[in-house]
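Asker: next comes the sequence, and after it the predicted model I'd like to discuss.
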Amino acid sequence: MWRTIYYFIRERIGWISLCVLQIFFILIYLYLYFYFHKQAFDLLIADWGYLLLLTGTLLLLFLVIQFIRWYPFYRRTELLLHEAEKMDDFGHLGKVSLAEHKRFYQVMRRLYQVASQEKNQYEDAHQQHLEYMNLWVHEMKTPLASLSLILQKMDIHALPEEERNHMKSMEEEIEKLNDELDKVLNMARLDDFATDYHIRPVSLLESVREVIHHKKKSFIRLGIFPKIEADQDEDWEILTDRKWNQFAIEQIVQNALKYASKMEERSYLTFRFLKKKKSIYLLIEDQGPGIPKQDLPRIFDPFFTGENGRRFSQATGMGLYLVRKVFTALSHEITAESEEGKGATFILTYSIHK
């Protein structure tokens, strides 16, 4: 309250100064007049105190009335300044009494209308873009599915070795395209995440098994072996959205496979399950080249590819960024540890469902 009164007085210090100066000059004038005319000078001296008290009381009364009319509007704007979370909070400021507040309110209403129009235009454009992206991804998936079906129907073993290698390369590229299209589709849907997720109890162990099954061709082709280390008697149930959580795990696995495959020796991708207090931890450990120390703090930044991305493959730098974004929306946590040349470990933290 004292800070509010300070703001009120500070804005009206000019009025107060003018009023005090007027009183001062009037008193000086009266003093000089009666001093030189020697008329009722003693009476004037006695009445100065009453004059100052009267003018001071009137000034104080004026300021109190102004403050009573000014404070409700100031209080509402102060609350908006510190507590407003969305644009619609500024749509109504309540009843205003002072003329300057009414003008300010009119400006605010006009600003709100303009902002609402721009917001609606942006949302319409965004929705059109999202619909186009969904349509485009599905249109691209149709010919890819046809190509994949054609490859499956072909008797690859009857072909010469060189052609078999070409077919395997084609199958690998089709798989990469499918993965990237899924990434594009999920990235477009992330902006509308609130309408596209359902939190419920999910078995984390079963989710990991489904991801491994979905990526089994990649595991076989790249010569990397998945290994699950979990107590089968434990309950690995968590609260999450099954689809989005599996998407995030798939992105981590895809990254691990991509970089671990660049190593000359065959390796393992280990899924280690731990339970401590009220949390379940999933550690995904690869035996790839590891992440350079200087890159580790930035691997979740958008479009950051790092030294490995430039050295081993044409990385987009969006996979881990999407993982962090999904995990943040789901209230999960993800961190990474790595030592260059000794692989990387991604630590996924979930709350236990009870």
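Answerer: Okay, I see it. Residues are numbered from 1 along each chain as shown.

Asker: residue contacts, residue 350?
Answerer: 204, 238-240, 279-282, 332 (CB atoms under 8 Å, 6 or more residues apart in numbering). C-beta here means a position set from N, CA and C on the backbone, and glycine is covered the same way.

Asker: kindly report the same for residue 16.
Answerer: 9, 59, 63.

Asker: tell me how many other residues surround the last one.
Answerer: Per other CB atoms under 10 Å, the neighbour tally for residue 63 reads 18.

Asker: check which element follows the helix or strand where residue 131 lies along the chain.
Answerer: Per DSSP states H and E, residue 131 falls inside helix 99-153. Using DSSP H and E, the next helix or strand after helix 99-153 towards the C-terminus is helix 161-190.

Asker: average pLDDT for that following helix, rounded please.
Answerer: For helix 161-190, mean pLDDT is 78.

Asker: from the contact counts, what lies against it?
Answerer: helix 99-153, helix 216-222, helix 242-260, helix 319-329 (3 or more CB pairs under 8 Å, 6 or more residues apart in numbering; DSSP states H and E).

Asker: hmm, try it at 6 Å
Answerer: helix 99-153 (3 or more CB pairs under 6 Å, 6 or more residues apart in numbering; DSSP states H and E).

Asker: now tell me what touches the strand of greatest length in the chain from outside.
Answerer: Across the chain, the longest stretch assigned as strand under DSSP state E is strand 267-276. With contacts defined as CB atoms under 6 Å, 6 or more residues apart in numbering, strand 267-276 is touched by 208, 224-230, 236, 256, 260, 281, 283-287.

Asker: got the angle between it and helix 242-260?
Answerer: 140 degrees (axes from the mean of the first three to the mean of the last three CA atoms, to 10 degrees).

Asker: could you export strand 267-276 as CSV, CA atoms only?
Answerer: Written as CSV, here are the backbone C-alpha positions of strand 267-276 (Å, rounded to 0.1, in the frame of the first residue of the first chain):
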residue,chain,number,x,y,z
SER,A,267,27.7,-53.5,-30.1
TYR,A,268,24.8,-53.6,-27.7
LEU,A,269,22.0,-51.1,-27.0
THR,A,270,21.1,-51.6,-23.4
PHE,A,271,17.8,-50.6,-21.8
ARG,A,272,18.4,-50.6,-18.1
PHE,A,273,15.4,-50.2,-15.7
LEU,A,274,15.9,-48.8,-12.2
LYS,A,275,13.5,-47.9,-9.4
LYS,A,276,14.3,-45.5,-6.6
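
Asker: what pairs with that strand, and is each one parallel or antiparallel?
Answerer: strand 224-229 (parallel), strand 279-285 (antiparallel) (DSSP bridges).

Asker: how about CSV for these, with mean pLDDT added?
Answerer: Below are these laid out as CSV (pLDDT from 0 to 100):
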stretch, mean pLDDT
strand 224-229, 92
strand 279-285, 94
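
Asker: doesn't residue 202 fall inside a strand?
Answerer: Yes: counting by DSSP: H, G, I helix; E, B strand; the rest coil, residue 202 falls inside a strand.

Asker: tell me the buried residues within the contacts of strand 267-276.
Answerer: 208, 224, 226, 230, 236, 256, 260, 284-287 (16 or more other CB atoms under 10 Å).

Asker: reformat the contacts of residue 16 as a markdown table; add distance to residue 304.
Answerer: Converted to a markdown table, the contacts of residue 16 look like this (distance: CB to CB, whole Å):
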| residue | distance to residue 304 |
| --- | --- |
| 9 | 52 |
| 59 | 64 |
| 63 | 58 |
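
Asker: in helices only, show me those.
Answerer: Within the contacts of residue 16, residues falling in helices by DSSP state H are 9, 59, 63.

Asker: what's the closest of those residues to residue 299?
Answerer: Taking CB to CB as the measure, residue 299 lies nearest residue 9 of those, at 54.1 Å.

Asker: secondary structure class for the closest residue to that closest one other than its chain neighbours?
Answerer: Residue nearest to residue 9 in three dimensions, not counting chain neighbours: residue 16, with 7.4 Å by CB to CB, 6 or more residues apart in numbering. Secondary structure for residue 16, judged by three-state DSSP, is helix.

Asker: I'm done for today, thanks for sticking with me.
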